[in-house]
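In: no sequence for this one, just the structure:
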């Protein structure tokens, strides 16, 4: 039992070391979603996923997800305690709306290794994996993995699949509006739909575009060491 627990703890850490250099072939989130769809629909659902290097992704897309999800991404070490304090304060005053404080690194850890729920067990494991990722990967690598495994729609994972499916372009060709629209669905891509944007989603797109400008445009990415691109 002790050996099994030790192996279970070490396997994700070993995977983090490997994925520092090698593309991610599959995430636990993809696998879980795939099995859920298979059980519900009794058919093998398509899974759209294709790894692409960060240099082949429009810097506007990288900027859009930072503006949307984690504007302090260059500054924190995986856990944004300022955002956590603000979320706790907000949630203590609200009975219906729940504000999260997950960083891009936390979301990467969850999508890559874990499952989706709000349990303390999952959050605790996520925090440990987040710190491991921050210790072993550069910020650019974290962003690269996140953009490749994030869910953008039903069975659509990563910015390459999303760019091709929704806009028929390569990820390097995404415009500011397209990048903001993809980033806008990330909190809940099963309800917020890229191809059928609601008024709420379009408002979120405008908010993201505004903050992309406020961050200083793609020059903001220089804080990550710059984004090499073709």
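Out: Arrived safely. Every value quoted in this text rests on a predicted model; they were computed, and no experiment measured them.
In: now stretch 192-210, how far from the centre of its chain.
Out: Remark: stretch 192-210 is offset 17 Å from the chain centroid, using Cα atoms, centre = their mean, to the nearest Å.
In: just use 48 as the starting number from now, easier for me
Out: With the count now opening at 48, the last piece we talked about shows up as stretch 239-257.
In: buried sites along that stretch?
Out: Within stretch 239-257, the residues that qualify as buried are 239-241, 244, 248, 251-252, 255-256, counting by 16 or more other Cβ atoms under 10 Å. Yep, even glycine has a C-beta here, placed from its N, CA and C like the rest.
In: over to stretch 206-221?
Out: Across stretch 206-221, burial judged by 16+ other Cβ under 10 Å covers 206-210, 213-214, 218-219, 221.
In: and the next element down the chain from the worst-scoring helix or strand of the chain on mean pLDDT?
Out: Taking mean pLDDT, DSSP states H and E as the measure, the chain has helix 128-140 as its least confident helix or strand, at a mean of 63. Heading C-terminal from helix 128-140, the first helix or strand you meet, by DSSP states H and E, is helix 151-160.
In: tell me what that following helix is packed against?
Out: Contacts defined by 3 or more Cβ pairs under 8 Å, 6 or more residues apart in numbering; DSSP states H and E place helix 151-160 against helix 49-65, helix 75-88, helix 106-116, helix 167-183, helix 186-196.
In: of all those helices, which lies closest to residue 230?
Out: helix 106-116 (3.9 Å; Cβ to Cβ).
In: for the record, mean pLDDT for the closest one?
Out: In this model, helix 106-116 has an average pLDDT of 97.
In: what does it contact?
Out: By Cβ atoms under 8 Å, 6 or more residues apart in numbering, the surrounding residues in contact with helix 106-116 are 101, 120, 149-151, 154, 190, 193-194, 197, 206, 218, 221-223, 226-227, 229-231, 233, 251, 255, 258-259, 262, 264-265, 267-268, 274, 276.
In: how far off centre is it?
Out: From the chain centre to the centre of helix 106-116 is a distance of 10 Å (Cα atoms, centre = their mean).
In: on that earlier part again, among the buried residues of stretch 206-221, which lie within helices?
Out: Applying DSSP state H to the buried residues of stretch 206-221, the entries found in helices are 206-209.
In: pipe the residues you listed into JSON lines and attach distance to residue 115 and pLDDT per row.
Out: Shown next, in JSON lines, are those (distance: Cβ to Cβ, whole Å; pLDDT from 0 to 100):
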{"residue": "206", "distance to residue 115": "13", "pLDDT": "98"}
{"residue": "207", "distance to residue 115": "19", "pLDDT": "98"}
{"residue": "208", "distance to residue 115": "19", "pLDDT": "97"}
{"residue": "209", "distance to residue 115": "14", "pLDDT": "98"}
